[in-house]
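Colleague: Curious how this folds, go ahead:
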Amino acid sequence: MISADVPSGPISLAGIQQINGDLIANQAVKLTELSAPALGSVSGTIKFTSLTTMSSLQFPNLSQVGAISWTTLNALQQLTFTTGLTKAKSVFITDTALTTLDGINLATVDSFEITNNAYLREIDTQVGNISQALIINNNGPNLKLTFPNLIWAFNMTVRNVSSLSIPSLKVVNSTFGVYGSYMESVIAPNLTKVGGDVAFVADSSLTNISMPLLETIGGGLLIANNTKLLDITGFNSLKSTAGAISISGNFTKYVYPSRLAI
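Modeller: Model prediction:
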């Protein structure tokens, strides 16, 4: 554990290849750089809290961890994860100066929560399965989300983003929600089922929603306060919703399949 009484400057964990347990740095406000050139795995959590001057994090050989939990790393702008982190059960990153998450490229993850990173411009990951929650909230206003291989997610909540690419997504087991975002289109060409609510709320640039294969919604459908959205014709396979349908706006095209009771 690295704590507040460390000397000012960089720390190198040279020679350490594996940590059986957690790697914790808490309120080490004098720490400016942390490196572990040989570290390949951490079985527990990499937990960093209130490292307000750490601008460099260099783990070039790190490929797997139990979890990531980073809170208030105000000076951290870039990761040096050269090999690439491919295995983690959960990722929680909030209040950093990161512009991308390059180097975090997971195949599967239980929870992926990225919030309040004001400079974040891009998240591009190959993750195929998110078994608990995908939450992207209040990051940089031009944030682009790219999930080319994501097939299944338990929950998907997206706020304040400029684009969302989910070409492979087939099932969301709980809620699918897009709130307060700046993207023009939400296209989910292979999505067939959402187990909870589907919501598009206060998306100021949204002009197009396309979910052509979506057949069932296990909750309600809410579309509201999307000032540029004039066309509601992107649900042409929808057969049933278990909850209420609430749609408001000045639409010029508003078409549902006849088999859907509204």
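
Colleague: The helix or strand harbouring Thr157: partners in the sheet, and parallel or antiparallel?
Modeller: Using DSSP states H and E, the element containing Thr157 is strand 156-159. When pairs are called by DSSP bridges, strand 156-159 turns out to pair with strand 129-137 (parallel), strand 176-179 (parallel).

Colleague: pLDDT on the next helix-or-strand element following that strand, on average?
Modeller: Moving toward the C-terminus from strand 156-159, the first helix or strand encountered (DSSP H and E) is strand 163-165. Along strand 163-165, the predicted local confidence has a mean pLDDT of 97.

Colleague: give me the beta-bridge partners of the closest residue to Leu76 other than its chain neighbours?
Modeller: On the basis of CB to CB, 6 or more residues apart in numbering, the spatially nearest residue to Leu76 that is not a chain neighbour turns out to be Thr96, at 5.0 Å. Yep, even glycine has a C-beta here, placed from its N, CA and C like the rest. Going by DSSP bridges, Thr96 is paired in beta bridges with Leu73.

Colleague: Pull the number of nearby residues for Thr96.
Modeller: In terms of burial, Thr96 registers 27 neighbours under the definition other CB atoms under 10 Å.

Colleague: shouldn't it be in contact with Ile68?
Modeller: No - the pair Thr96 and Ile68 does not pass the contact test of CB atoms under 8 Å, sitting 11.4 Å apart.

Colleague: Report pLDDT for Pro257.
Modeller: The predicted structure scores Pro257 at 49 on the pLDDT scale.

Colleague: wait, Val6
Modeller: Reported pLDDT at Val6 in the predicted model: 69.

Colleague: which stretches of the stretch 151-262 of the chain have low pLDDT?
Modeller: Counting by pLDDT under 70, the stretch 151-262 of the chain shows low-confidence ranges at 254-262.

Colleague: Pick the most deeply packed of the strands paired with strand 156-159.
Modeller: Stretch with highest mean neighbour count among the strands paired with strand 156-159: strand 176-179 (a mean of 22; mean count of other CB atoms under 10 Å).

Colleague: and the following helix or strand past it, how far out from the chain's middle?
Modeller: Elements were assigned by DSSP H and E; along the chain past strand 176-179, the next helix or strand is strand 185-187. With CA atoms, centre = their mean, to the nearest Å as the basis, strand 185-187 stands 17 Å off its chain's centre.

Colleague: Could you list the buried residues of strand 185-187?
Modeller: Neighbour-count burial for strand 185-187 flags Val186, Ile187 (criterion: 16 or more other CB atoms under 10 Å).

Colleague: From the contact counts, what lies against that strand?
Modeller: Taking 3 or more CB pairs under 8 Å, 6 or more residues apart in numbering; DSSP states H and E as the contact definition, the neighbouring helices and strands of strand 185-187 are strand 208-210.
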